[in-house]
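> predicted coordinates and the sequence they were generated for:
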Amino acid sequence: MRKLQNTLYITTQGTYLHKERETLVVEQDRKKVAQLPIHSIGHIFCFGNVLVSPFLLEFCGEYGVNLAFFTENGRFLGWFVGRQSGNVLLRRAQYRQSENNPIPIARNIIAAKIQASKRVLQRQIRNHGENEAVQAAIAALNASLQQLKRADSLDNIRGIEGDAAARYFGVFGHLLAEKSDLTFDGRNRRPPRDGVNALLSFLYSILGKDISGALQGVGLDPQVGFLHADRSGRDSLAQDILEEFRAWWVDRMVLSLINRGQIKAQDFTQEASGAVNIKADARKLIFQTLQSKKQEKIVHPFLQEEVAIGLLPHIQAMLLTRHLRGDLAEYPPFLMR
């Protein structure tokens, strides 16, 4: 269990939530571990095997508390909202800002992405010494950050992001250990044509689904973003938030799997079309590694509270709602210091 701002995250399996007078009671192993006044809670996120009493559901409905349910791995299942739901107002604010003023949010997200990418490269220099190509890429990313400050249109922001991504992935192969039998010659997808790109695409996809569920859990429309254009069948807002996590979460995880020798060339198959797929055993290892990563704790850079990494998509979704409702002057993207 974790309470952040006015949101309660229930992640311990077998937890029982019920009503006691005007409070919410949290029980684990038949022991009361928390008792909170209902008026101090705005959202309850339940992950996996979490039981909720009917009387608490009625209680939450009366007080306008949003209850969202997810699988243990974070896939969104559904939500319960009372008669007085603010979701329609929240979504109207989302649509209005997406249509009329998307640039501030888009700029903040891409600034965080470029900073995170730069820090991945800087970490390589710290751990393995000077590298001229990597140093040049870092300088290019610094220049992109300066350009971003002056960007006054979505097209400009997208162009800066695309150039920065090209420079970053242009040296990504330098981050692979020499002993690895995997190589990287640039980003490719739909389909990925080498093992590294297959890993990146696979994990981006998984994390994107987690983010989409988190956005739905707070009442946002995952298909209407600020950076990515609307496209039928695409969760554009989830793709926006994913940008904040690509380098810090996915790219570093892929590098760790490869450089530690956990994933090798033999863990992939190639189709006649050139598409590369991850074998079943390797996928199982990736899922296990991802789940372990989600359990790790960090201090959230904005909230300054210790949180599990797996809750980060939900926290960023909540921060975005606070910005859209006017509680925060700007949306604070995720960026580790």
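Good, I have the coordinates.
> can you give me the strands in the chain?
Counting by DSSP state E, one finds strands in the chain at the ranges 2-4, 7-10, 15-20, 23-28, 31-37, 43-47, 50-52, 66-70, 76-80, 268-270, 276-278, 297-299, 306-308.
> relative to strand 23-28, how tilted is the third one?
Meaning strand 15-20. Put simply, strand 15-20 runs at 150 degrees to strand 23-28, going by axes from the mean of the first three to the mean of the last three Cα atoms, to 10 degrees.
> which neighbouring elements make contact with strand 15-20?
strand 23-28, strand 43-47, strand 50-52, helix 54-63 (3 or more Cβ pairs under 8 Å, 6 or more residues apart in numbering; DSSP states H and E). C-beta here means a position set from N, CA and C on the backbone, and glycine is covered the same way.
> try 10 Å
strand 7-10, strand 23-28, strand 31-37, strand 43-47, strand 50-52, helix 54-63 (3 or more Cβ pairs under 10 Å, 6 or more residues apart in numbering; DSSP states H and E).
> deepest in the core, which of those is it.
Across those, averaging neighbours per residue (mean count of other Cβ atoms under 10 Å) puts strand 43-47 on top, at a mean of 25.
> how far does whichever helix in the chain runs longest sit from the chain's center?
Counting residues, the longest helix found in the chain (DSSP state H) is helix 103-128. Here the centre of helix 103-128 is set off from its chain's centre by 15 Å, with Cα atoms, centre = their mean, to the nearest Å.
> mind listing what's buried in it?
Residues of helix 103-128 classed as buried by neighbour count (16 or more other Cβ atoms under 10 Å): 103, 105-121, 124.
> same question, stretch 320-337
Buried-residue list, stretch 320-337, by 16+ other Cβ under 10 Å: 320, 321, 322, 323, 324, 331, 332, 333, 334, 335.
> now for the longest helix of the chain, which elements pack on it?
Judged by 3+ Cβ pairs under 10 Å, 6+ apart, helix 103-128 is in contact with helix 87-100, helix 132-150, helix 154-170, helix 236-245, helix 252-259, helix 312-324.
> contacting residues for residue 149?
Residue 149 is in contact with 107, 111, counting by Cβ atoms under 10 Å, 6 or more residues apart in numbering.
> may I ask which helix or strand of this protein has the lowest mean pLDDT?
Using mean pLDDT, DSSP states H and E, strand 2-4 stands out as the lowest-scoring helix or strand of the chain, at a mean of 56.
> now the buried residues of stretch 320-337 as TSV including distance to residue 306 and pLDDT?
Formatted as TSV, the buried residues of stretch 320-337 follow (distance: Cβ to Cβ, whole Å; pLDDT from 0 to 100):
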residue	distance to residue 306	pLDDT
320	21	97
321	22	95
322	20	95
323	23	97
324	26	96
331	22	97
332	17	97
333	19	96
334	15	96
335	17	93
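> take these and write them to CSV, including distance to residue 302.
Converted to CSV, the buried residues of stretch 320-337 look like this (distance: Cβ to Cβ, whole Å):
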residue, distance to residue 302
320, 12
321, 14
322, 11
323, 11
324, 16
331, 10
332, 4
333, 9
334, 8
335, 9
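> I'd like the distance from stretch 126-139 to the chain centre, please.
Centroid separation between stretch 126-139 and its chain, computed with Cα atoms, centre = their mean, is 27 Å.
> related to what we said a few turns ago, could I get the helices and strands packed on strand 15-20 as a markdown table with mean pLDDT and distance to residue 224?
Below are the helices and strands packed on strand 15-20 laid out as a markdown table (pLDDT from 0 to 100; distance: least, Cβ to Cβ, whole Å):
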| stretch | mean pLDDT | distance to residue 224 |
| --- | --- | --- |
| strand 7-10 | 79 | 22 |
| strand 23-28 | 93 | 32 |
| strand 31-37 | 91 | 33 |
| strand 43-47 | 83 | 20 |
| strand 50-52 | 94 | 29 |
| helix 54-63 | 88 | 27 |
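> now the ones you listed in CSV, with distance to residue 153?
Output for those, formatted as CSV (distance: least, Cβ to Cβ, whole Å):
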stretch, distance to residue 153
strand 7-10, 34
strand 23-28, 46
strand 31-37, 45
strand 43-47, 35
strand 50-52, 45
helix 54-63, 43
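> so which of those gets nearest residue 253?
Of all the helices and strands packed on strand 15-20, strand 43-47 sits nearest to residue 253, with 20.6 Å by Cβ to Cβ.
> only C-alpha atoms, please: export that closest one in PDB.
The C-alpha trace of strand 43-47 is given here as PDB (Å, rounded to 0.1, in the frame of the first residue of the first chain):
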ATOM      1  CA  HIS A  43      -8.500   7.900  -6.100                       C
ATOM      2  CA  ILE A  44      -7.800   4.300  -5.200                       C
ATOM      3  CA  PHE A  45      -5.800   2.100  -7.600                       C
ATOM      4  CA  CYS A  46      -6.100  -1.600  -7.000                       C
ATOM      5  CA  PHE A  47      -3.600  -4.000  -8.500                       C
END
